[in-house]
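J.: sequence and predicted model, in that order:
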Amino acid sequence: SGGSTSGSDESSSSQGFLFFAEKDLGAFASAMAAEESKHSPSERICVDDVDPAEAVYMESVESKHSDHEFAQQVAALAGVTKPPTRIDSQAKYGVIAAGKASAFMRFPEASYKENIWDHAAGAVIMSEAGGVVSDSKGNPLDFSKGRILNNANGIVAAPPVLHKRIIDAIRTLQDNQ
């Protein structure tokens, strides 16, 4: 199962987490404390491929960043029954990578432009933790085209099995429109 490999103590002294990864070496998290001497050691993290009925998905807080109604339809068709958690920033990638949530879906308005720096580091952390990050068609995100992520169709991040279910649900919904 996913999450931290050694079950870190997430006590009230924790001020947040530092997530980091290195290509082909894995993803890691370290709990940060108000006092530097109380930071926890880094632990390897991995995604948690849960049953869709137990999955927790995240979506953007800002409605211009994502079509919340479409995300709900995708979640329902994929078997995800819990309500979404709304979160912005790259923290969402770390939360999934550590097994504390199950998926992230983002379906922005056509005019919205994604900056690569809003997703590149998170995509590496997810990948190294065993997850998948793609556009809503299932294609890997392409960070090689300049400052703007050339991606007008959305972003999906999840463990492999759930990711496939979400992509299949998107295709079904789009085919029926």
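T.: That came in fine, so what should we check first? Numbers count the residues shown, from 1 in each chain.

J.: hmm, who's touching the longest helix that the chain contains?
T.: Looking across the chain with DSSP state H, the single longest helix is helix 160-175. Contact with helix 160-175 is made by 47, 49-50, 52, 55, 70, 73-75, 77-80, 102-103, 105, 130-132, 134, 136-138, 154, 156-158, as judged by Cβ atoms under 8 Å, 6 or more residues apart in numbering. Placement of C-beta: from N, CA and C, glycine included.

J.: lowest-confidence helix or strand of the protein?
T.: Least confident helix or strand, the chain: strand 3-4 with a mean of 42, by mean pLDDT, DSSP states H and E.

J.: OK, contacts around the most far-flung residue of the chain relative to its centre?
T.: Distance from the C-alpha centroid of the chain, by Cα atoms, centre = their mean, peaks at Ser37 (29.8 Å). The contact partners of Ser37, by Cβ under 8 Å, 6+ apart, come to none.

J.: could you look up the SS state of it?
T.: helix (DSSP: H, G, I helix; E, B strand; the rest coil).

J.: for the chain, which spans come out with low pLDDT?
T.: By pLDDT under 70, the weakly predicted segments of the chain are 1-14, 151-152.

J.: ok, which stretches of this structure are strands?
T.: Along the chain, the stretches classed as strands by DSSP state E are 3-4, 14-22, 26-33, 43-46, 57-59, 85-86, 103-106, 114-115, 132-135, 148-149, 155-158.

J.: hmm, who's touching stretch 137-149?
T.: 113-120, 123, 133-135, 150-151, 153, 155-156, 167, 170-171.

J.: got the buried residues for it?
T.: 141, 143, 149 (16 or more other Cβ atoms under 10 Å).
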